[in-house]
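> just the structure for this:
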Amino acid sequence: MAREFLHKLDGITEKNNSLVCVGLDVEMDRIPPFLRKEAKPVLKFSTALIDATADLVCAYKVNIAFFEAMGIEGLETFRQILGSIPSDVVKIVDAKRGDIGNTARMYAQSCFGYYGGDAVTASPYLGRDSLQPFLDYEDRCTFVLCLTSNPGSKDFQYLTDGEKPLYQRVAESVAGWNEKGNCGLVVGATHPEELMAVRRIAPELPLLIPGIGAQGGDVEQTVRFGTSADGKKAIINSSRGIIYASAGDDFAQAAREKTIELRDTINRWRVKP
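Below is the predicted model of the structure:
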């Protein structure tokens, strides 16, 4: 159903009064030491975090790279973690896929079909035909990399054709591809003025916004410039600042407290209808 993803995102945003996304970028050597001695420590760590925060967030972003590095068992853990997220909360497969033809179709089938993601991150570098297999899933969302939060974003994403930088051209193109309401953009919180420019170009698109917390993005500017006119359609991600809040047996409660803190800080700056 067209625009089904937007209905889901708006619904969970309202239900939990939250724009917070918790990024589950789990590294074995950073989870509490007592868990490392148990069977399936990454799964236990991740599901405990989900249980502790699911009523406080609008989404979870699970980065497949951290699980691919663990081999076959890691990929099964990835699938189980996604499956443990409550059905009304948005599940983002952070895979940054980008390829053509049947390869893209297989990536889309993997992320949306096998793993059951509500959304995926993808690269626009190969053009629209490389994204079309993802966009064919009308009830899911493809978050297209627009302006990333890392310092190297300046290498290519600011290149200009004499009128506009590349990231703005990407935003314009993706806004034009949004006939079914299933496109989004990834814009880093570390670029507040550029975030404001992208929101002006794409006022109705959902934005996945990494870069606050450990990367130094400002929460107030992120909320002011990244949300839609009704104070929604921004998925503001925090990973390390939440999931590694404690290395003790209170890690889940500590993560909950950090999530509450971030949610409440975000909500202080939201404009609500």
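> any chance you could map the strands in the protein?
With strands called from DSSP state E, the chain shows them at 20-24, 59-63, 90-97, 119-122, 141-147, 183-187, 207-209, 234-238.
> send the alpha carbons of the fifth one over as CSV?
The C-alpha atoms that make up strand 141-147 are tabulated as CSV, following Å, rounded to 0.1, in the frame of the first residue of the first chain:
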residue,chain,number,x,y,z
CYS,A,141,11.1,2.9,2.7
THR,A,142,14.4,3.4,1.0
PHE,A,143,16.6,6.0,2.8
VAL,A,144,19.0,7.3,0.2
LEU,A,145,22.4,8.6,1.3
CYS,A,146,22.3,12.4,0.7
LEU,A,147,24.8,14.1,3.0
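> in the chain, where is pLDDT below threshold?
Where the chain drops to pLDDT under 70, the residues are 1-2, 213-215, 272-273.
> what about 90?
Counting by pLDDT under 90, the chain contains low-confidence ranges at 1-3, 37-38, 101, 149-151, 153, 161-162, 211-217, 271-273.
> about what we covered before: Ala52: which of the strands of the chain is closest?
Comparing the strands of the chain against Ala52 with CB to CB, the closest turns out to be strand 20-24 (9.8 Å). Placement of C-beta: from N, CA and C, glycine included.
> angle of that closest one against strand 59-63?
20 degrees (axes from the mean of the first three to the mean of the last three CA atoms, to 10 degrees).
> what angle sits between strand 20-24 and strand 234-238?
With the same axes, to 10 degrees as the basis, strand 20-24 and strand 234-238 are set at 40 degrees to each other.
> direction included, what does strand 20-24 pair against?
On the basis of DSSP bridges, the sheet neighbours of strand 20-24 come out as strand 59-63 (parallel), strand 234-238 (parallel).
> mind listing residues that contact that strand?
Applying CB atoms under 8 Å, 6 or more residues apart in numbering, the set of residues contacting strand 20-24 from outside is 46, 49, 53, 56-63, 66, 81, 90, 92, 94, 208, 210, 235-240, 242-243, 255, 259, 262-263, 266.
> closest one to Lys37 among the strands of the chain?
With distances scored as CB to CB, the stretch of the strands of the chain nearest to Lys37 is strand 20-24 (20.9 Å).
> one step back: any idea which of the strands paired with strand 20-24 is most buried?
Across these, the average number of neighbours (mean count of other CB atoms under 10 Å) peaks for strand 234-238, which reaches a mean of 27.
> returning to that earlier point: can you put the strands of the chain in JSON lines and add distance to Ala104?
As requested, the strands of the chain are arranged in JSON lines below (distance: least, CB to CB, whole Å):
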{"stretch": "strand 20-24", "distance to Ala104": "24"}
{"stretch": "strand 59-63", "distance to Ala104": "20"}
{"stretch": "strand 90-97", "distance to Ala104": "7"}
{"stretch": "strand 119-122", "distance to Ala104": "9"}
{"stretch": "strand 141-147", "distance to Ala104": "11"}
{"stretch": "strand 183-187", "distance to Ala104": "15"}
{"stretch": "strand 207-209", "distance to Ala104": "20"}
{"stretch": "strand 234-238", "distance to Ala104": "23"}
